[in-house]
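Trainee: The sequence isn't on hand, but the structure is:
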Ligand SMILES: Nc1ncnc2c1ncn2[C@@H]1O[C@H](COP(=O)(O)OP(=O)(O)OP(=O)(O)O)[C@@H](O)[C@H]1O
Ligand SMILES: Nc1ncnc2c1ncn2[C@@H]1O[C@H](COP(=O)(O)OP(=O)(O)OP(=O)(O)O)[C@@H](O)[C@H]1O
Ligand SMILES: [Mg+2]
Ligand SMILES: [Mg+2]
C-alpha cells in the first residue's frame, strides 16, 4: 500500500502557481527521486508534503489519512521529516542540540545520537560547536542527522549533497540504503541526476510544476530524461 | 481645541457653562485656561484639579459673574500637561493662542507651574499659579537669578515658612539639633537644599545633606550611612513618595531611627502616607491647608470643612490639601475680573498686582501694602502650618493629619487651632 | 551565462531613471506649499496656527531623523532624546549664556549635538541589534544625569530660555515659526539628498547586510557614523525648536524617552524607509494629538492602540497605502533600469 | 565598614534587579523580543497583588500564588493575540507593539486605580533586619527578594538548558519554520515562554509592590535597570543576568557611597564600560542576531 | 599567465577559540591565473576567503596584494583595491532591487558612478543572466538567482582578483559548463580567480592550479590532475568513487 499519496495538487505562492495537478505515490520502503530543472517545483512539493505549504486543490494522504489540513509540526509525530533546502540549522544551538531538537517528538526507532554520529563521524567531533559557526558541510550533515533523529517513516531530502565534499556525498548516499533498511521511505530531490538515478527505485521528473516523466531508472533512457528535464 | 471638563464625579447635575440656565442673559463668556497634569507621574495633582474644576463649573453655571455691570459665563478649558514641562508650556500657549483664553491657571509642582508661567509671559496673558513654593518660581534663570514677571502672579508660602514650621516641630521634641537632609535633584530639591539648611541654622540646627540624588533612586544606603555617621536625630527633605518609601524602609532595616522626621511632598497626599503601612506614624509635614482653617471662599461661601466633606463625598477619598489652593485660584481670578471690570489682559495684569482676596486658604494679596509681606513682586504669600500623621486605629481613614504647629500662620494673622503637640517617632 | 565580458559590447543605450512623473508633481506641490507657508504669518496663519505648525514641523524633523537612522541606517535607537535634549539645552546655553541670539544659537545647538554624537558613536557602534537599542537608551540617561549635575544649566531644575524676553508675542512666534519652517525644509531636503546620493545606496546596503556591504566597498563604520551624526544634528535641531517654542528646558522633559517614542510612532504610522512616510506620519500623529489629547489617559490608550494596529496590520504605514505600495514616489531614491541593449538570448533563461 | 555595607546592600539590590530581569531575559534573550511593556506588566502584577491583599486579606506572599498564574494566563493570551503576529512582522514590530502595550497598560491602570501611590503592606517585615556587624544590617525583605531572585534565575536556567522544551524555545527563536519541521508547535512554545516570563514578572511585581510605593507609571523606572542586567550578563544566559544584576546593584550602591549624587549614573557608566570591552555581554549564550 | 604574484599569503593563521581554521598558510596567487580550492567540509576554505577579503582579521601572518600590504586594511578598502568576492551563503541586500544591489558594487568598490556605473552594472547582470530580474527585489530571489547575484555584484566591482565561494552548487548539469565558460572568459579578460567548489569536475575544467585544504593547512597545491591523484586528497576529500565529469 502507498505510504504517501499526493493527489492532483495545485500549490500557489500568492498569485503564482508553482505546482499544477501533480500526483505522486510512494510506497512504504521505497526510495523515490524527484528531479527537474531549477524552479521546477521540487522543493515546493516537499514543503507541501511536510506541511509548510498547503495545496489549494487536491489532497496529500499519508498512510491512508488525508493530512492536507494538518500543521507541519503535527506531521512530524506521524513520521514525516524534511531536510529543508538551505539547511536551516539553528544558529544559536550547538550541533548536538540541533540533533536533539530533531528528536523533539521522541518517536522511537533506530536513530539516536549514537547512530547519527556513527553515520556522520564528522559531527561527532564537532558536536559542541554552535550552529552559526559550523561550515556549510557541517551544517548539511547536521540537517540530515536532525531529520533522522525523528525516526521518520518518510524522509524528505531536498538537495542534501549541495555544498558537501565528494567523500561526504558518497557517505550520505552510502548511508541511504542503511536508512532505507530501517524501513524508512525516502523521497529525495537531487540536482545531480546520476546520483539520483543510482539510489532511487523510481524517478519522477518535474517540469514547470507538472510531472513529465516517471519510471524505474533502468527503464529510462538518457534521452528521455534529458528531454523531460529540459522540456525539449 | 479644548473642552470644559464634565465628568460624573461632580456634585450637581452637570451642565457646561455655555448651556447654563442663565445663558440668555449673558453678555459673553470668560475663558479660563487650566493646565493640569491629568496623566503621568504627577496625575495625583490632576485629580484634585478635576474635582475643583467640576465644582467651579457647577458654580459658574448657576452664577454668572458680573464684569463691568454685565453678566458673563465662565468656561474653564483644561489641558493635560502629561506631567511634562514641555507639554505644559505647549498647553499654555495653545490655550492662549488657539482657545483665546483670558487667564491661564496652573498648579502642582514647579515642573508644571514654571513652564506655564514662562509661556504666559511670552504670550502676554495673565497667569495665576500656586502649589509650588515661591522660591523655585522666582529663582529659575541660570544661577538662581531672579526672574521678573509682568503677567505671572503666584501665591504660596515659601521655604522660610517651611523652615520655621519645621524648627517649631523640632523644638517640641528633644534632639541633638543635627539634621539629615534628603534632597533630590529636581526643582523642589534644588530650592529646598539651597534655602532650608541656611534658614534653620539660625535656630542652631546643622543640616548635613549628601549631594542631591536623582529621583527614583533604587537604593539609599549611602544617604543612610551618612545620616547614621553624623548621628542626625532629625530628618528632613522633599523626596517624591516612592523614593521616601524606599528610603524609609531601608532606613528602618539598616537601623537609622531619627527622633523626628519632617518631610515635604512625599507626605502631602494621604494615599502616600497610607501606603507606608504603620511606618507613617508621627511623620510630620508642612500643612498648606486643612479643614480647620478659619476661612471661607469669597466666591462660593463654602468653608474648608464643607469643601473637604464635599470632596470625600464626591470622590470617596481622603481630602487633600491642593483642593483648597486650586479653589482659591478661581476666587482670585474672579475677583480680578470683577475688580478690573473688563477682560482686557493688560489692565487685568495691573489689577492683579494690587489685588487682595480673602480666599479659602487665607488672604492672597500682591499689593505690597496689603496682607503678609510679599517677598518679591508678583508673589503673594499665604499662611502655613504644620502637622503630624497619626494612625487613627479604626477611624474613617487610616491616618489623620493632626496640626502641631501654627507658628507661621499665627504670625501672619491667621489663627489656626492646634490638634495636639508634636510627638517623637515611635522607637522601633 | 555566456555573454561576453568585454566592456565595449555595451553601448550608451543603458538608461537608468531616477525621478518619476509623480516626483515632478511632488516637487511642484512642495514648492508651492512651502512658499504659501512662508508668507502665512502675514496672510492667513494666526499665532495659534503658527505655534501648532512649529510643533508639526518639529515632529516631521523628528520622524525624518529616526527614519534616517532606522529606515536607512538600520540603527534602532531608543536614545535619540539625548540629542533632542542637547539641542534644547544648546540653544538656551548659546542664546542666554553666550548671547548669540536665537537664530545663530540653533546651528550652534546642532553642532554641539553632532559633536557629542560623534564622540558617543565610538561606544555605541560597538553594539548592535537589541544591544544597540538599549545601549543608546542608557547613553541618553547618562547624558541626562550629567546635565542635571551642571549648575550653569540649572541642574535638576531646568532653565528658562530668556533670549526672547520682552519680544512681542507676534514677533517671537513668527520668528520661531520661520525658523521651524526653514529647519524642516532643510532637514527633509538634506536627508533626501543624502539618501539619493551614492552614499544612500550604501546606507541601504549597510542596513540589509553590513558584511556584504563592506566587501562591496562600503565603509561600514564611516557610513553609519555619517547617518548617526546627521540624525543627531537633526534631533538637536528639533530640540532647539522645541525649546524656542516652549521656552523652558527641564531635564526630565527634554531627555524624556517619550520623545523617541513619538519619533517611532510617527515613523510607524507613516511608514519606514521612505522620505514621505515620516511626513505623513507626523501629520497624522499631530492630528491625533490635537483632536484627542483632551481625552487624557484615553488619548494615550488610543495612541498606543493605533500604533499596535499599524504595526500589525499595515507594516508599510499609511504612506505605503497611499502610494499604492510604492508606485507613487514624491521623493524617489531608487535606480530604475528602464532600457538597455537587446537582451541576449542566453541570459534570458534561468 | 561603610564600603562593606554598600557592597552588601548592592548585592541585595542586584537580587531585586535579577528578579525583575528574569522574565525579560527569557523574552529578550531567548525569544529576541525586546519587551518594553515589561515594567508596565510588573505594575499590573503589583496592583493584582494589592487588590488581592486588600479585598481578601490574604497574606502578601500568598497572593503570589494567585498573581503568578494570572499573569501567566495574561502572557499566554498576549502571545496568542498580539505578540505572535508581531514576531511575524518586521524586526521592529515587537519593540513597537510592546511599547504601545506599555502605554495602553499605564493609562488603563490610571483610569482603574487613579494616580495614587500604593504599596502592599507586609507590616513589620518591611522594616525588620538581621544585624551582621554593628555597621551592617541585612533587611529581611531584601534578603527574601535576593533569595527568590537567585532561585528563580537558577530554576529558569536549568529549565532552558536541560529540558527539551527549553531547547525547543531556543530553536524556535532561531528559525520558526525549521522548528516547525522538527515537530515543534511554535505557537505553543512561544505562548509557554511568554506565560513563564509573565509569571516571573508576577513575582517581581508583587515584590516591587511590597518594596516601595508604586503608581501606574512607576514601571518605566525599573525597566532600564532590568534591561541593563540582561545585557551585561549576555543574551540567553540566565546566570549572566544574575551576575549583571549584581554588578549593576553594586555599582549603584558603591558608586553612591563615593558620589551620593551619582549612584544611578555610575551604574549606567559601569554598564557602558562592560559593553565597551565585552560588546556581547559577559556570558553570551546566544548569537546576537 | 605571468608569474608575478598578485596575492601573496604569508604565514596566515586564524583560530576561533580552540578551532584552528587557518594554520600558517603560505602561497601565492599569480596574476591572471585561476586557482581552485577544494577540501573537506570545515577545512577552512571560506575562512581563507574571509581572511583575504578582510571580513575577518588574521591572528598572524600577512597579505600582499598588487604590491601593497593589505593585512591591516578593512574589507571596504580591500574591495576598492580590487578584491571582489561572493559569499557561499548569499547575502543579498533584500530591500533593494537586483540592479541596485549590483550598482552598489559598481559605484563603491568599482568607483564607477553615474552612467558608467549603470553600464557596468548592466553588463554584470547580463553576464550572470540576471538581466530579466533587474527590477525585482533581491529579497524575493530564489537561491540560485541569489548566487548569481553574488557573482554579478562581485563582477561589478571591477575586481583584479575575484574570490568565488561555491557558486556552482545547485546548478543543473547543463548550466555548469556555461558557468565554467564564464569563468574562463573572466580569466581571459585578465581577472585573477580564486574559486572554491565541491563540484570538482567543474572546478578542474576551469582552473590552472588546485589547492586542497584540510584542517586549516595546505594538503596539496599544484596542477589540478596531480592534486586530484594525491592519495591524501583522495583519502580526506574525494573518496573512492569520485564522481567525475559525466554530463548527461
Ligand atoms: N516563497 C516563494 N514565494 C514565491 N514564489 C516562490 C517561493 N518559493 C518558490 N517559488 C517559486 O516557485 C517555483 C518553484 O520553486 P521550487 O523552489 O519549488 O523549485 P525547485 O524545483 O526546488 O528549484 P531549485 O532546483 O532551484 O531548488 C519557482 O518558480 C519559484 O520561483
Ligand atoms: N566564528 C567561529 N567560531 C568557531 N568556529 C568557527 C567559526 N567560524 C568558522 N568556524 C569553524 O571553522 C571551520 C572552518 O570553517 P569554514 O567555513 O572556513 O569551512 P569550509 O572549508 O568553507 O567548509 P565548507 O566546505 O563546509 O563550506 C569549521 O569547522 C567551522 O565550524
Ligand atoms: Mg529546490
Ligand atoms: Mg565554506
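Mentor: Yes, it's here. As the structure is a prediction and not an experimental result, all values here were calculated from the model. Residues are numbered from 1 along each chain as shown, chains lettered A, B, ... in the order given. Ligands and ions are numbered 1, 2, ... in the order given.
Trainee: going forward, measure contacts between C-alpha atoms and count neighbours the same way
Mentor: Will do.
Trainee: Determine the three-state secondary structure at residue C:57.
Mentor: helix (DSSP: H, G, I helix; E, B strand; the rest coil).
Trainee: Might one say that it is in contact with residue C:178?
Mentor: No - between residue C:57 and residue C:178 there is no contact under C-alpha atoms under 8 Å: 10.5 Å.
Trainee: Report the rounded mean pLDDT for stretch A:47-55.
Mentor: In this model, stretch A:47-55 has an average pLDDT of 93.
Trainee: touching chain E at all, that stretch?
Mentor: No - residues of stretch A:47-55 are not located near chain E by C-alpha under 8 Å from any C-alpha of the partner chain, the shortest gap being 15.0 Å.
Trainee: Now do the contacts for residue 79.
Mentor: Chain wasn't specified; assuming chain A. Shown in contact with residue A:79 (C-alpha atoms under 8 Å, 6 or more residues apart in numbering or on different chains): A:107, A:150, A:151, A:152, A:153, A:154.
Trainee: try again with chain C
Mentor: C:133, C:134, C:135, C:136, C:137, C:138, C:139, C:140, C:257, C:260.
Trainee: go again using 10 Å as the cut-off
Mentor: By C-alpha atoms under 10 Å, 6 or more residues apart in numbering or on different chains, residue C:79 lies in contact with C:132-141, C:255-257, C:259-261.
Trainee: Repeat that for residue C:218.
Mentor: Residue C:218 neighbours (C-alpha under 10 Å, 6+ apart): C:199, C:201-203, C:205-206, C:210-212, E:75-77, E:79-80, E:104-105, E:107-109.
Trainee: Just those: which are in helices?
Mentor: C:199, C:201-203, C:205-206, C:210-212, E:75-77, E:79-80, E:104-105, E:107 (DSSP state H).
Trainee: So which residues on chain E come close to ligand 2?
Mentor: Taking C-alpha under 6 Å from any ligand atom as the contact definition, chain E meets ligand 2 at E:16, E:19, E:21, E:40, E:41, E:42, E:43, E:44, E:45, E:46, E:47.
Trainee: who wins for most neighbours among those residues?
Mentor: Neighbour counts for these (other C-alpha atoms under 10 Å in any protein chain shown) peak at residue E:41, which has 29 neighbours.
Trainee: just checking, that one touches residue A:126?
Mentor: No - checked against C-alpha atoms under 10 Å, the pair residue E:41 and residue A:126 is beyond contact range at 11.8 Å.
Trainee: quick one, phi psi at the residue of chain A found nearest chain C?
Mentor: Distances between chain A and chain C by C-alpha to the nearest C-alpha are smallest at residue A:38, namely 7.6 Å. Residue A:38 adopts backbone torsions of phi -60, psi 130, taken as degrees, to the nearest 10.
Trainee: Kindly provide the whole-number mean pLDDT of stretch C:311-320.
Mentor: 86.
Trainee: And residue C:57 and residue C:178? Which one has more around it.
Mentor: residue C:57 (25 against 18).
Trainee: At which residues are the helices of the stretch 51-200 of chain D located?
Mentor: D:60-78, D:84-88, D:93-113, D:140-162, D:164-174, D:176-181, D:186-211 (DSSP state H, counting those that start in this stretch).
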